[in-house]
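Enquirer: Show me the folded form of this:
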Amino acid sequence: RSNSRDRGETWGPLEPMEDLVTPVSPTCIKRFPKTGDLLAIFNQNFSDDPGDRQFIARGERNPLTAAISSDDGRTWGRFRHLENRPGCGFDYTSINFLDDEVLLTYHETRWFSKEIADWGRSLKLKILPTSWFYE
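Expert: Numbers count the residues shown, from 1 in each chain. Alright, predicted model coming up:
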């Protein structure tokens, strides 16, 4: 995390966000229009073992998890898995809001064997009511 007091012209020092530790895929964060809370979509799985093939090759991008912050990202809660399937990875999420729904797009990758190159990828759309994230 880094904060800006001048609308993004300059940024303060980096601070770890220990509630959102994730592998090599990016976290996507967007503000709910009606509540002002932050919604984060990320992979709630991290290996810091440099000998772990998953860590070196791609990180473990499963499960795909949602979390909410009501204090501008200082703390996170209401963790819920959007996807959690062994042999699959989920990454590069986009978040859009439409009325009382959240539209998410992301990659779904399936590994067919232990070989890094033996996989297939598709783009997935998931539409959920905003209330799902607060349950």
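Enquirer: low-scoring stretches of the chain, by residue?
Expert: 46-59, 113-118 (pLDDT under 70).
Enquirer: which residue ranges form the helices in it?
Expert: 53-57, 130-134 (DSSP state H).
Enquirer: Stretch 13-32: end-to-end distance?
Expert: End-to-end distance for stretch 13-32, by Cα to Cα, to the nearest Å: 26 Å.
Enquirer: So Arg61 is in contact with Ser25, correct?
Expert: Yes. Counting by Cβ atoms under 8 Å, Arg61 touches Ser25, with 5.1 Å between them. Glycine gets a C-beta too; all of them are placed from N, C-alpha and C.
Enquirer: quick one: which of those two has more around it?
Expert: Remark: of Arg61 and Ser25, Arg61 carries more neighbours, 24 against 21, as counted by other Cβ atoms under 10 Å.
Enquirer: That's all I had, so thanks and see you.
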